[in-house]
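Participant: what's the 3D shape of this:
(2 chains)
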Amino acid sequence: MNIALKKIRGDLRQRPGRTLLMGLAVLVGTAAVTAALVAMTVLGRAIPDSFGSSLPPSAILATGDQTEAALELLQDAPGVIAVEPRRILRGRIATPDGFASLALTILPDLTTQEVSRIAPDSDDPQGLLIERSSLTVWGGVPGDAVTLRLQGADEISLLSGGTAADAAVAPGVQDRVVYAYATPTMVGALGTFDELRLRLEPGALPTVLDTLQASGITPDRVEEPLMRHPHADQMQAVMMLLAAFAVAALIVAGALVANLVSVTLRGEERLIGIQKAIGSSRARVVLTVLGWVAAIALPATVLGIAAGLVAVGRFNAFAAHELNLADLPLAPSPAVLVLAAVIGVTVPLLAAALMARRAAGVAPLAAIHSGRDIAPVRAPRQSGTAIARAYAVRYLGRTPLRLALMLLALSLGGAAVMTAGTVYRSLSASVDRVFDYRGDDLDLRMLTPAPREVLAEAARAEGVTEAEVWGFAIVAIASDDSRITGSRFGLNAPPQDSTLLQLPVAEGRWLGEPGAAEIVAARSLLVRYPDLAVGSEVTLARGEWRATATIVGAIEEATEPGIYATAAVHDALVGVPGLAGALRVTTSGDPAEVAGRIEDRLFADGLVPIFVFDKTELRFSTKEHFVILLILLSTVGAAALVVGGLSLWSSISVAILERQRDIAVIRSVGGSNDRVIRLFGLESAGLAGLALILSVGIALPLSALLVRMLGQGALFMNVPLQFSWTSLLIWLVLLALIAVIATWAPLARALAVPPARALRYE
Amino acid sequence: MDLNMLSLTAVTRRYRAEDARPALDDLTLSLPAGGFTAVTGPSGSGKSTLLHLAGGLDRADRGEVKVGETVISAMPEAELARWRGRSVGLVFQAHLLLPTLTAAENVIAPMEFTGAVPRADRGQKALDLLAQFGLAEQADRLPSQLSGGQQQRVAIARALACDAPLILADEPTGNLDSASAATVIAELKRIAGAGRTVIMVTHDPVAAAATDRQLRLQDGRLTEGAKA
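Facilitator: Okay, the predicted model is just below:
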């Protein structure tokens, strides 16, 4: 074996602690990068692939009772790739605890679709299909009987024939909706189609509409859905954060490696001097160091990649669940793995090379004679009497690069944890704030407007303490030619003296007199329509009805985009005065039980609510959207924290080991063991304190940036920063724990050596 | 009345059990208070071990070490550290100044560690001591900015910081040129002349010749000179 290899083998044996630390740092850093890279590539491919495989419609036409005729016209029309009829029935589905919201899609065939494809788990389903992500909301298993309440029909009982995956809808469990699929024959008279779903050649929609127009068919509504997964933007942001935190973890790992190499070479200065004196070149010294680091980094990188793949497997399963995707394959491309391996090995080698080059640049004689007495860069201006402070500060200050690397490593770890906590707390607090403006416990919304008296009578159910009958309708925004385009929104018309809603207006003002043609819109809605702003006029449409109103204000809502309107606007869109569409009530008992009673009373009158929002449940499900973010940030933060903790550990340990002679000198001139412990304890506390300040300094602007990005991007609201004191406390405890253990262990060893023996080593 | 500053009674110190010969072998000696004593002998004869035991830096395996009226060989470590700071001043061959503290701070350190000098007086006392050794101008310099001789004089000043009656110097001129060595020996002689007890381990016959009394050690035993 040649001398260099012998030296590397010797280094590995002589420094088991540092070898282990370095290996662990590289492993964690590589695992984080592997997880981020693989997750990004797999999800980046899977989200559009999965969404694309659902054959999403480029247009949805609400053709009502002219659907069959329109279908016939468009089947072979130019520009039409595929066209199929649908009907979506909104209602309720029985669950073990009562009823849940239902979106039942009626389609011609459960197994074959050319548009809006679903993926049944069975080739020959013998009953209604339940969307996979809705199973927990429904609470049943395939084969069970399903009880449905649909407006205009008695309670229907069907057999569930299995499950299906629908990549085009958000997870049912998140929206608290059961998505189900049935053929017309399963639901009898309700099974007539009322809309067409089309896949079109680019730019073919006007021609299609003209074709229909020529035959006297005018769709009530034309919707051009966004051709992307409903959570694609959210996941993209998450991916970017994951990548950013992975890079941070890698920097931390590199910093730790550089730190370890730096302190190791400090201890070997004399040896380096001797090597150079007997003819070794600077490059050879650097190569020997790199050999040692490579011997650690190579196996650690392999293990790191394996750990990263395990992590990403779990993350994929979680993401698949959150995004309602089919199980994601863990099939990283070889290029990605090679990239992770290259990064895993290169970063520590570069960090080591930087340090080794500096250390090997010392002149041989200077290195031999320097011993360990390396002067600080600058002498102090004046001697002070605070010896302990001067001793600690100047020791740390004489290796500023090492200090900076250690603090960087540690601070990033802590910052990641605090950022995760702060982002979640801020978003969560904003959701709470929005829900706190709502005074109701239950919000029941009807599919179609009903007489106010009927709703008011239903609200007399046991357990209702206060009730308000609101106007509610599902409306769309009409274009200049009065056609209905785009998505539909809920329009709420609260009583003018409502006590159950006190929304603060972010811009403009709240609604005026009931007779005024005014609306207040959610910011999220205004974002979708850049032409609309506070002060502008908008024409709203519902079927054949139109209402033009002025947008007098904008509000921030964490839930779905909505509109608040005066009674005049509502009545114009409903067409018949005296109708209402929603009940908002406060309850004295379990809201779910009260909701059940109200629902039963409504159903007895032939009415079915399409949504029943339990405020507590809605608040929970809204927050659940951020849980994935919290978990992601916390996971990567924990990885960075592990490396940062190792960095503090190694720095403190090495700082003590390096000064065993100083400790002996201090003891020889009268410093007791307690005094030495206080002296080094003060230094560790100072380091930990600096790391704490720095990490807070990094966490605050980073959190502010993320909160702003997510607040405006996902909630469409200004989210005030709410610092997470809990995560600061966790970080503080961890920091203190690491500092105490890292100080105590080597110090106890150093103090166990009689001063004479420690001094004799010199 | 016992006027001895240092008494060793049947002291044995063996570093490793497998060593055929102990560093100090059943050594008994006593040195009176005051004066400048040189301990000489070949390498490995036990000179430094004797000094370390006398300074409470190491413990004997057997026997009793007494400094003045205090038996230090059985003293607990915490008490020993306090005693060391107030009762003994140590000077080492490699100076062993704390590298990140200035000359003045190095002198202040034992005062602060032991609390032997009131806080308000420490700075001035350090400057006075440094001035005595001609280092007033170097008070704010770091050890690395001083010559070897200057560093050793700072170390001597540090040894005097807490007014210890016993000064132990281990090869204080070993790393110095002859001029600096002469200065250091002169300083130690001056200290001894001022009433303190100075014991110096040295290989240097010139330095040894400057002392009042010489002890020669060979294989951990006294071979000539003052013997108790």
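
Participant: Which element, helix or strand, includes A:A547?
Facilitator: Taking DSSP states H and E as the criterion, A:A547 maps to strand A:545-555.

Participant: got the residue ranges for the strands in chain B?
Facilitator: Assigned by DSSP state E, chain B shows strands spanning B:4-13, B:24-32, B:35-40, B:62-67, B:70-71, B:88-91, B:166-170, B:197-201, B:213-218, B:221-225.

Participant: Next: the stretch 501-650 of chain A.
Facilitator: A:505-508, A:518-522, A:537-542, A:545-555, A:562-565, A:579-587, A:609-614 (DSSP state E, counting those that start in this stretch).

Participant: all helices for chain B, in order.
Facilitator: Along chain B, counting by DSSP state H, helices occupy B:47-54, B:77-87, B:103-114, B:119-132, B:148-160, B:178-193, B:205-209.

Participant: How far off centre is the first one?
Facilitator: What that stands for is helix B:47-54. The chain centre lies 9 Å from the centre of helix B:47-54; the measure is Cα atoms, centre = their mean, to the nearest Å.

Participant: could I have that helix exported to PDB, CA atoms only?
Facilitator: What follows is helix B:47-54, C-alpha atoms only, in PDB (Å, rounded to 0.1, in the frame of the first residue of the first chain):
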ATOM      1  CA  LYS B  47      13.500  17.000  38.000                       C
ATOM      2  CA  SER B  48      10.300  18.200  36.400                       C
ATOM      3  CA  THR B  49       8.300  15.500  38.300                       C
ATOM      4  CA  LEU B  50       9.700  17.000  41.500                       C
ATOM      5  CA  LEU B  51       8.600  20.500  40.400                       C
ATOM      6  CA  HIS B  52       5.100  19.300  39.400                       C
ATOM      7  CA  LEU B  53       4.600  17.600  42.700                       C
ATOM      8  CA  ALA B  54       5.800  20.600  44.600                       C
END
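
Participant: Could you list which residues are in contact with residue 165?
Facilitator: With no chain named, the answer covers chain A. Going by Cβ atoms under 8 Å, 6 or more residues apart in numbering or on different chains, A:A165 touches A:118-119, A:121, A:131-133, A:324, A:326. Just so you know, the C-beta spots here come from the backbone N, C-alpha and C atoms, and that holds for glycine as well.

Participant: try again with chain B
Facilitator: Applying Cβ under 8 Å, 6+ apart to B:P165 gives the contacts B:5, B:33, B:68, B:87, B:196-197.

Participant: Same check on A:A704?
Facilitator: A:L721.

Participant: residue in chain B nearest to chain A?
Facilitator: B:G85 (1.6 Å; Cβ to the nearest Cβ).

Participant: Give the burial count for residue 13, as a bare number.
Facilitator: If you meant another chain, say so; for now it's chain A. Counted with other Cβ atoms under 10 Å in any protein chain shown, residues neighbouring A:R13 total 9.

Participant: Please refer instead to chain B.
Facilitator: Neighbour count for B:R13, taken as other Cβ under 10 Å: 23.

Participant: same deal with A:D154?
Facilitator: So A:D154, with other Cβ under 10 Å, has 9 neighbours.

Participant: Which of the three states applies to it?
Facilitator: What DSSP: H, G, I helix; E, B strand; the rest coil gives for A:D154 is coil.

Participant: For the helices of chain B, give me CSV that also has mean pLDDT.
Facilitator: Listed next are the helices of chain B as CSV, based on pLDDT from 0 to 100:
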stretch, mean pLDDT
helix B:47-54, 90
helix B:77-87, 83
helix B:103-114, 88
helix B:119-132, 90
helix B:148-160, 89
helix B:178-193, 88
helix B:205-209, 89
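
Participant: Distance check, the closest residue to B:G35 other than its chain neighbours against B:T223.
Facilitator: Among residues not flanking B:G35 along the chain, B:D212 sits closest, at 4.4 Å (Cβ to Cβ, 6 or more residues apart in numbering or on different chains). Distance of B:D212 to B:T223, computed by Cβ to Cβ, to the nearest Å: 19 Å.

Participant: ok, now A:F318?
Facilitator: Distance from A:F318 to B:T223, counting by Cβ to Cβ: 81 Å.

Participant: same check, this time on B:G68
Facilitator: 26 Å.

Participant: Tally up the residues packed near A:D605, please.
Facilitator: By the criterion of other Cβ under 10 Å, A:D605 has 12 neighbours.

Participant: who's in contact with it?
Facilitator: Applying Cβ under 8 Å, 6+ apart, we find A:D605 in contact with A:450, A:454, A:457-458.

Participant: OK, contacts around B:L98?
Facilitator: By Cβ under 8 Å, 6+ apart, the contact set of B:L98 is A:391, A:662, A:665-666, B:105-106, B:109, B:143.

Participant: which one of the residues you listed is nearest A:A467?
Facilitator: A:Y391 (73.3 Å; Cβ to Cβ).

Participant: Am I right that that closest one falls within a helix?
Facilitator: Yes - A:Y391: assigned to a helix according to three-state DSSP.

Participant: Contacts only, for it.
Facilitator: A:Y391 makes contact with A:679, A:683, B:98, B:100-101 under the criterion Cβ under 8 Å, 6+ apart.

Participant: one step back: helix/strand/coil for the nearest residue to the residue of chain B closest to chain A once chain neighbours are set aside?
Facilitator: Excluding its sequence neighbours, the residue lying closest to B:G85 (Cβ to Cβ, 6+ apart) is A:G670, at 1.6 Å. The local conformation at A:G670, judged by three-state DSSP, is coil.

Participant: Pull the number of nearby residues for residue 16.
Facilitator: I'll assume chain A. 9.

Participant: could you do chain B instead?
Facilitator: Counted with other Cβ under 10 Å, B:R16 comes out at 7.

Participant: Relative to B:L27, how far out is it?
Facilitator: Using Cβ to Cβ, we find B:R16 at a distance of 18 Å from B:L27.
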